[in-house]
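Engineer: Need coordinates for the following:
(one chain, ligands or ions: 1)
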Amino acid sequence: MSLLEVTGATKRFGGLVAVNAVDLRVEAGGIVGLIGPNGAGKTTLFNLIAGAFAPDAGDVVFDGRSIAGLHAATICERGLARTFQIPQPFGSMTVLETITTAALLHGRHIGRAEQAARLAAERVGLQGREDVLTGSLTNAQKKRLEVGRALGTMPRLLLLDEVMAGLNAAEVSRMLDVIRRLRGEGVTVLLVEHNMEAVMAVTDRLVVLDSGRKIADGPPLEVVEDPQVIRAYLGEDDAAELEDSDAERP
Ligand SMILES: Nc1ncnc2c1ncn2[C@@H]1O[C@H](COP(=O)(O)OP(=O)(O)OP(=O)(O)O)[C@@H](O)[C@H]1O
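Structural biologist: Purely as a prediction, here's the structure:
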């Protein structure tokens, strides 16, 4: 049994079908990438899984139980946490306070929550910065704090939404180390990311959405060569041009 099994997930906004009958499985211990052009439905699918929206149709099963339509906090308590594309920490709170607030989800024992928060800060490389106000962190540190905040809830499945956006090469490499370490510690990861180099470096499976539909699912090297995926990213005309120039090559 997969840790996460999404079947036929559908979400409409008025006349727009943002996520259209999508099936997705994530096996425990994996790092799966969810990619696709702008507006493909990636964040909406994350929202369906993490409980921001209930699906209009289909089901989301986490660890053998349906979580479709449950409150986001209940889903998080069950061990599924997410990050947000744009971290918005309270600038007047410290790193430790921010992560501790998330860790309090599992009970009101402040000492235990702080202990979990210190561990989460260390896991994302913010050790030594526990007492720093989040408002004075760099963008890259805020991105790692966002991962740390999610880790404070002690998830078994972590949904990462563009945690590498806006980072330079050294910062991306550091984030990749954080993600690999998490896998080593038994956290399963599903990540949405536009940085393809980073995606290729860290995932063991890729799922591609286009206009709300799943168009590919498989090993990263095979998926990026899939003509349907190339067409989705480049558009019909540019993809045809690329095919012509490939054919002309000796
Ligand atoms: N709350 C909403 N109300 C109405 N339309 C929405 C809402 N959220 C998303 N959409 C629409 O649903 C479609 C999918 O959006 P979504 O944000 O899921 O795509 P995405 O793949 O995450 O895009 P990006 O890579 O640009 O973040 C888009 O057409 C978007 O405009």
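Engineer: Now do the SS call for residue 200.
Structural biologist: Assigned with DSSP: H, G, I helix; E, B strand; the rest coil, residue 200 falls in the helix class.
Engineer: just checking, it touches residue 222?
Structural biologist: No: assessed by CB atoms under 8 Å, residue 200 is found out of contact with residue 222, at 11.8 Å. The C-beta positions use only the backbone N, C-alpha and C, and glycine is treated the same way.
Engineer: Show me where this protein dips below the pLDDT cut-off.
Structural biologist: Along the chain, the model assigns pLDDT under 70 to residues 236-250.
Engineer: Would you map out the domains in it?
Structural biologist: Structural domains annotated on the chain: 4-79+156-248, 87-154, as defined by automatic domain parsing.
Engineer: As a markdown table, the ones you listed with distance to the ligand and mean neighbour count would be great.
Structural biologist: Listed next are these as a markdown table, based on distance: least, CB to the nearest ligand atom, whole Å; neighbours: other CB atoms under 10 Å:
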| stretch | distance to the ligand | mean neighbour count |
| --- | --- | --- |
| domain 4-79+156-248 | 3 | 17 |
| domain 87-154 | 15 | 18 |
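Engineer: what is the residue nearest the centre of the chain paired to in the beta sheet?
Structural biologist: The centroid of the chain falls nearest to residue 160 when counting by CA atoms, centre = their mean (2.3 Å). Counting by DSSP bridges, residue 160 is bridged to residue 191.
Engineer: quick one: it from residue 228, how far?
Structural biologist: Separation of residue 160 from residue 228 (CB to CB, to the nearest Å) stands at 25 Å.
Engineer: How about residue 5?
Structural biologist: To residue 228, residue 5 is 24 Å away according to CB to CB.
Engineer: next one: residue 14
Structural biologist: For residue 14, the distance to residue 228 - CB to CB - is 27 Å.
Engineer: could you show me where the helices are in this structure, in order?
Structural biologist: Secondary structure of the chain by DSSP state H: the helices cover 42-50, 72-77, 95-103, 110-123, 139-151, 169-184, 196-202, 220-223, 227-234, 236-248.
Engineer: Only C-alpha atoms, please: export the longest one in CSV.
Structural biologist: Meaning helix 169-184. Extracted C-alpha coordinates of helix 169-184, given in CSV (Å, rounded to 0.1, in the frame of the first residue of the first chain):
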residue,chain,number,x,y,z
ALA,A,169,22.9,27.8,-6.8
ALA,A,170,24.6,27.4,-3.4
GLU,A,171,21.3,27.9,-1.6
VAL,A,172,19.5,25.3,-3.9
SER,A,173,22.3,22.9,-3.2
ARG,A,174,21.8,23.4,0.6
MET,A,175,18.1,22.9,0.3
LEU,A,176,18.7,19.7,-1.7
ASP,A,177,20.9,18.4,1.1
VAL,A,178,18.1,19.2,3.6
ILE,A,179,15.6,17.2,1.4
ARG,A,180,18.0,14.2,1.0
ARG,A,181,18.6,14.2,4.8
LEU,A,182,14.9,14.1,5.4
ARG,A,183,14.5,11.1,3.2
GLY,A,184,17.3,9.4,5.1
